[in-house]
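Participant: Any chance you can model this:
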Amino acid sequence: LIKTASNGVLVWSKCYSGGGRVVNAIQTSDGGCFLTGSQVPNSWDYVLCFKTDDAGDVIWSTIYQFSVADAGHSVKEIAGGYIIGGRSNAYQPAGSTKALLMQLDLTGTVVWAKRYGTSSSAYYGAESIETTNDFGFIFAGYRGDNACIVKTDSIGNSGCDELATSPLIHTTAKVASPLT
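Facilitator: This next block holds a predicted model:
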């Protein structure tokens, strides 16, 4: 993670240990950062999320497992927390990847989580997510060789084969303090 001044001069840089892979990072309204991606604490990928302060120091870090191979791809700050878009590769049928949306509060607690797609209509991840004027969300992803866009309300309801889900594992991630 690198912070620069508006003129491009380096303010600080941090590297974090713990075996995670960050896919997306945003600056949050409090001056810190929120990062998402995946971490492999055993043989399966888990969604990794962590929050830093304005100096890049970790405030909290959490991993979430919904299935056998999960990852966070996109993040957006919303009132009272964050919305995470990603993917969740379900147990059955094997290789049945779903788009994943989850709302976290400011401390990383899951408010709600939903997966989108069925065995016959898998969506391969929520690659990009935005808020909508009616306080819902819209995410873009793909299904096979086709782009897809899914619009939801404020709690993830879309009418597009969403399934409410809860993490099988929700625990502190092993993201160490920055290596300087």
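
Participant: separation between residue 5 and residue 12?
Facilitator: From residue 5 across to residue 12, the span is 11 Å (Cβ to Cβ, to the nearest Å). The C-beta positions use only the backbone N, C-alpha and C, and glycine is treated the same way.

Participant: Same drill for the two, tell me which one is more crowded.
Facilitator: Neighbour tally, residue 5 and residue 12, criterion other Cβ atoms under 10 Å: the higher count belongs to residue 12, 13 against 8.

Participant: Quick check: closest non-adjacent residue to that one.
Facilitator: residue 3 (5.2 Å; Cβ to Cβ, 6 or more residues apart in numbering).

Participant: how about the one you found, secondary structure?
Facilitator: Here residue 3 is recorded as strand under DSSP: H, G, I helix; E, B strand; the rest coil.

Participant: hang on, residue 33 packs against residue 49?
Facilitator: No: using Cβ atoms under 8 Å, residue 33 makes no contact with residue 49, being 11.3 Å away.

Participant: who's more crowded, the two?
Facilitator: Legend: neighbour count by other Cβ under 10 Å for residue 33 and residue 49, higher for residue 49 (27 against 22).

Participant: what's the pLDDT at that one?
Facilitator: Per-residue confidence (pLDDT) for residue 49: 92.
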